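Engineer: Sequence and predicted structure are below.
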Amino acid sequence: MGVPTHCPYCALQCGMSLEPGPAVAARSFPVNEGALCRKGWSATALLDHPERLRTPTVDGRASTWDEALDAVAARLLAIRAEHGPDAVAVFGGGGLTNEKAYLLGKFARVALGTAQIDYNGRFCMSSAAAAGLRAFGVDRGLPFPVTDLAAADAVMLVGANVAETMPPLVRHLRRARDRGGLITVDPRDSATAELAALRLRPRPGTDLALALGMLHIAVAEGHADKSYLDARTTGFAEVWRVAAGWWPERAEAVTGVAAADLRAAVEILAGAERAYLLTGRGTEQHATGVDQVTGWINLALSLGLPGREGSGYGCLTGQGNGQGGREHGQKADQLPGYRSITDPAARAHVAGVWGVPAESLPGPGRSAFELLDALGEPGGPRALIVFGSNPAVSAPDSARIHRRLSALDLLVVADLVPSETARLAHVVLPVPQWAEEDGTMTNLEGRVLLRRRAYPAPPGTMGDLRILRELAVRLGQPAERFPDEPEEVFAELRRASAGGLADYSGVTYERLRAGEALHWPCPDAAHPGTPRLFLDGFAHPGGRARMRPAEHTGPAEALTPDRPLWLTTGRVLAQYQSGAQTRRVPELATEMRVEVHPDTAARAGLADGDLARVVSARGAFTARVHCTTGIRADTLFAPFHFPGEQRANLATHPALDPVSRMPEFKVAAVRLERP
Ligand SMILES: Nc1nc2c(c(=O)[nH]1)N[C@H]1C(S)=C(S)[C@@H](COP(=O)(O)OP(=O)(O)OC[C@H]3O[C@@H](n4cnc5c(=O)[nH]c(N)nc54)[C@H](O)[C@@H]3O)O[C@H]1N2
Ligand SMILES: Nc1nc2c(c(=O)[nH]1)N[C@H]1C(S)=C(S)[C@@H](COP(=O)(O)OP(=O)(O)OC[C@H]3O[C@@H](n4cnc5c(=O)[nH]c(N)nc54)[C@H](O)[C@@H]3O)O[C@H]1N2
Ligand code: SF4
Ligand SMILES: [Mo]
């Protein structure tokens, strides 16, 4: 009998069973019904990998744990004494368990007293989170279980390549597919687009024009749900004032998508009894990401989809704990329970749980890119502590971030492998990994899951929770304020989240061990959890969704004769994120390739299989040319999983969305050339 747990990678959090060996076995669980993708099947390969970190290092030399922790604490205290508490910064990750994310936020605010904490979720979910929170009053990626999709007649996937990024999810789209109801919006024919009855291939960065064009058609052709708009929303008149100007031919001219295809998409969605609109990073990772998602939400609301049984709008969360990771206080502006750090009542509640005065809690800090960009700069942090991210590969404008990371007086990285960021660090702290620890994760549907320890942690490693406790004590905190048993940390998290938007107070390890399906909010021990939100009303006072006008402005930079192509970036099936984990798994070996239309390649004097350079105003990366007619001729697609010269982020644009502070990962002006 194996240990029932969940995959270490994406937000689908497929159920699996861990057997001696170590080996992965299938387990029935609703989101994946026993299926796993290649990354899930090969996940145990990293447990005993030769490159696994097993000894702390200080300035490149192996040390004992006491030496490493003493050195970190002493240097942090010295930096703080000289430059103040905000000279120490913390960077977290959406792959950390709820317990780790929670304790990391507490560690920053209480033990370090710094406002400077943010995490990689800012690069991931923040635009959809901000737009969803504004429109619906609460941000839960999917406000319904993934399995609800199985009954849909139509599903429109906007900038989401689930066939590669969450393969087992595709099984829930079977019905929509069979009925000709699957629509994709993507500048290229991704593996997901290949399954769709209708593929819209907009120019990168023009999604808002597309959404406005579709909204225009929906209203002009009588598909808008008037009674739903009247009863359940506010703001339609202002939204229509903008959309009225987006007649289909104008949308066609801006997006490159034929007006007839826009009409066909609206007809499929409006004609379906049960329809869903889902967004992914393709439409969200833009300097106008919040507006773009707002455009899609406005369309969904006009068609009466959100908060209706069997229909809906949702955003597909990405990282294993992308949802929980943004609820428990590692985000610069948030406290546990999805509370705002500027709300006096929230501060008082959380300070009470932590046993510190509310005035001692810092205010909001810099967002992820702004934080990284300030490192070592005048007035910026001089020390950075990283848990669960590899920003040396995954942050935009990578050469610049590399310089900033290298300018620090102290870089501390806790990781299981020597990531590119760990290689730049003064102190490296080796940690156990997923199958060697207990902890909870919250998947893309807001369901809290228990990950269980199946194997012993290797000697020489120390758990993240224990590291935080040991450092906190060395920084002068009472040990009992920093518990390191996951279940004990979770009990405290429950109290801290009580009464917040993401209320976990009724979730317990006991209920999770018993196999209960608990979706937050779950405010007390007798509460069954909330698999479906908004059926009775949206979370704003009065229960109405708030529509907001958003006008299309386009990408942050324009094409020039010197840089005549759009670069967009994303993922391939066999690699995960910065690749720190999956590049080390032999079964997943993948080559860095840039997808290019054959005509575009020929114009650059390149053929399929040649090495090429992709050059932007920030920098250049190299990749092998993969010719495909399934991509727009004005667009290149590159994955961001590779290090060194192959880093796609050497070329990406760090323009930030004004609301979410999400970087523009999905559009940059580039040229393609021979190396
Ligand atoms: N294999 C694999 N799976 C993963 C991950 C991984 O690294 N590898 N990471 C996980 C995480 S953290 C995340 S966030 C999710 C992301 O999951 P997805 O959002 O599905 O992934 P991406 O490949 O980033 O982007 C999706 C699609 O957006 C398209 N796109 C690019 N520009 C535009 C645009 O302007 N408009 C539109 N409409 N589409 C555009 C791209 O061509 C791409 O096919 O995946 C999760 N799952
Ligand atoms: N160009 C471009 N760039 C992108 C994107 C894109 O689409 N295009 N997508 C963005 C998105 S959506 C995301 S989510 C980010 C992700 O980018 P990163 O944050 O770099 O993601 P990972 O590679 O998952 O990094 C996680 C690191 O933490 C380690 N780790 C795993 N589990 C634990 C743990 O429990 N404790 C500790 N201490 N360490 C652990 C892993 O070994 C790894 O080194 O990249 C962003 N960057
Ligand atoms: S889809 Fe995601 S959770 Fe499922 S096996 Fe693959 S990486 Fe793991
Ligand atoms: Mo992500």
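Structural biologist: Okay, I see it. Ligands and ions are numbered 1, 2, ... in the order given.
Engineer: isn't residue 532 right next to residue 145, touching?
Structural biologist: Yes. Residue 532 lies in contact with residue 145 (CB atoms under 8 Å); the separation is 7.5 Å. To be clear about C-beta, it is placed using only N, CA and C from the backbone, and glycine gets the same treatment.
Engineer: and those two? which has more neighbours close in?
Structural biologist: Counted by other CB atoms under 10 Å, residue 532 and residue 145 do not tie: residue 145 has more neighbours, with 20 against 17.
Engineer: wouldn't that one be in contact with residue 30 here?
Structural biologist: Yes. With contact defined as CB under 8 Å, residue 145 counts as touching residue 30 (6.9 Å).
Engineer: ok and the residue in this protein nearest ligand 3?
Structural biologist: Nearest residue of the chain to ligand 3: residue 40, at 2.4 Å (CB to the nearest ligand atom).
Engineer: That residue: neighbour count?
Structural biologist: 24.
Engineer: if I pick it, what's in contact with it?
Structural biologist: The neighbours of residue 40, taking CB atoms under 8 Å, 6 or more residues apart in numbering as the test, are 7, 9, 14, 16, 24.
Engineer: Return the list of helices and strands in contact with the longest helix along the chain.
Structural biologist: Of all segments of type helix in the chain, defined using DSSP state H, the longest is helix 65-83. Helix 65-83 is packed against strand 57-58, strand 88-92, strand 383-387, strand 410-415, strand 427-430, helix 464-474, with contacts defined by 3 or more CB pairs under 8 Å, 6 or more residues apart in numbering; DSSP states H and E.
Engineer: got the ones you listed as JSON lines, with mean pLDDT and mean neighbour count columns?
Structural biologist: Converted to JSON lines, the helices and strands packed on helix 65-83 look like this (pLDDT from 0 to 100; neighbours: other CB atoms under 10 Å):
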{"stretch": "strand 57-58", "mean pLDDT": "98", "mean neighbour count": "20"}
{"stretch": "strand 88-92", "mean pLDDT": "98", "mean neighbour count": "27"}
{"stretch": "strand 383-387", "mean pLDDT": "98", "mean neighbour count": "27"}
{"stretch": "strand 410-415", "mean pLDDT": "99", "mean neighbour count": "24"}
{"stretch": "strand 427-430", "mean pLDDT": "99", "mean neighbour count": "25"}
{"stretch": "helix 464-474", "mean pLDDT": "98", "mean neighbour count": "22"}
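Engineer: sec struct for the residue of the stretch 151-300 of the chain found nearest ligand 1, please.
Structural biologist: As assessed by CB to the nearest ligand atom, ligand 1 sits closest to residue 282 within the stretch 151-300 of the chain, at 2.2 Å. Under DSSP: H, G, I helix; E, B strand; the rest coil, residue 282 falls in the helix class.
Engineer: tell me which parts of the stretch 251-400 of the chain are close to ligand 2?
Structural biologist: Neighbours of ligand 2 within the stretch 251-400 of the chain, by CB under 6 Å from any ligand atom: 281, 285, 318-319, 387-391, 393-394.
Engineer: Could you rerun that using 8 Å?
Structural biologist: Counting by CB under 8 Å from any ligand atom, the residues of the stretch 251-400 of the chain close to ligand 2 are 281, 285, 318-319, 322, 386-391, 393-396.
Engineer: buried subset of the residues you listed?
Structural biologist: 281, 285, 318-319, 322, 386-391, 393-396 (16 or more other CB atoms under 10 Å).
Engineer: Out of these, name the ones that lie in helices.
Structural biologist: 281, 322, 391, 393-394.
Engineer: Could you report the neighbour count for residue 101?
Structural biologist: For residue 101, using other CB under 10 Å, the count is 32.
Engineer: element containing it?
Structural biologist: Assigned by DSSP states H and E, residue 101 falls within helix 98-106.
Engineer: So which residues of the stretch 251-400 of the chain form strands?
Structural biologist: Here the stretch 251-400 of the chain has its strands, by DSSP state E, counting those that start in this stretch, at 275-279, 312-315, 334-335, 339-340, 383-387.
Engineer: Spatially nearest residue to residue 251, not counting backbone neighbours?
Structural biologist: residue 213 (2.5 Å; CB to CB, 6 or more residues apart in numbering).
Engineer: does residue 54 count as helix, strand or coil?
Structural biologist: coil.
Engineer: and the residue positioned nearest the centre of the chain, what is it in contact with?
Structural biologist: Nearest to the mean C-alpha position of the chain, counting by CA atoms, centre = their mean, stands residue 124 at 3.1 Å. Going by CB under 8 Å, 6+ apart, residue 124 touches 94, 281, 317-319, 322.
Engineer: on that earlier part again, ok, the residue of the stretch 151-300 of the chain closest to ligand 1 to residue 248 distance?
Structural biologist: 22 Å (CB to CB, to the nearest Å).
Engineer: and what of residue 157?
Structural biologist: In terms of CB to CB, residue 157 sits 21 Å off from residue 248.
Engineer: Show me which of these two is the more surrounded one.
Structural biologist: Neighbours were counted for residue 157 and for residue 248 using other CB under 10 Å; residue 157 has more, 28 against 21.
Engineer: in what helix or strand does that one lie?
Structural biologist: Going by DSSP H and E, residue 157 is in strand 154-158.
Engineer: That strand close to ligand 1?
Structural biologist: Yes. Strand 154-158 reaches ligand 1 (CB under 8 Å from any ligand atom) through residue 158.
Engineer: got the angle for that strand vs strand 275-279?
Structural biologist: 10 degrees (axes from the mean of the first three to the mean of the last three CA atoms, to 10 degrees).
Engineer: Tell me the first helix or strand C-terminal of strand 154-158.
Structural biologist: Strand 154-158 is succeeded, C-terminally, by helix 162-165 (DSSP H and E).
Engineer: Does that next one reach ligand 2?
Structural biologist: No. Helix 162-165 lies apart from ligand 2 when judged by CB under 8 Å from any ligand atom; the minimum separation is 9.8 Å.
Engineer: what's the next secondary structure element after that helix?
Structural biologist: Next element after helix 162-165 (DSSP H and E): helix 174-178.
Engineer: how about that following helix: buried residues?
Structural biologist: Buried, per 16+ other CB under 10 Å, within helix 174-178: 175-176.
Engineer: Could you list the alpha-carbon positions for it in PDB?
Structural biologist: This file holds the C-alpha atoms of helix 174-178, laid out as PDB (Å, rounded to 0.1, in the frame of the first residue of the first chain):
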ATOM      1  CA  ARG A 174     -13.900  15.700 -24.100                       C
ATOM      2  CA  ARG A 175     -17.600  16.600 -24.300                       C
ATOM      3  CA  ALA A 176     -17.000  20.200 -25.500                       C
ATOM      4  CA  ARG A 177     -14.500  18.900 -28.000                       C
ATOM      5  CA  ASP A 178     -16.900  16.200 -29.400                       C
END
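Engineer: How far off centre is it?
Structural biologist: Centroid separation between helix 174-178 and its chain, computed with CA atoms, centre = their mean, to the nearest Å, is 27 Å.
Engineer: I'd like the mean pLDDT over that helix, please.
Structural biologist: For helix 174-178, mean pLDDT is 98.
Engineer: moving C-terminal of that helix, what's the next helix or strand?
Structural biologist: Assigned by DSSP H and E, the successor of helix 174-178 is strand 182-185.
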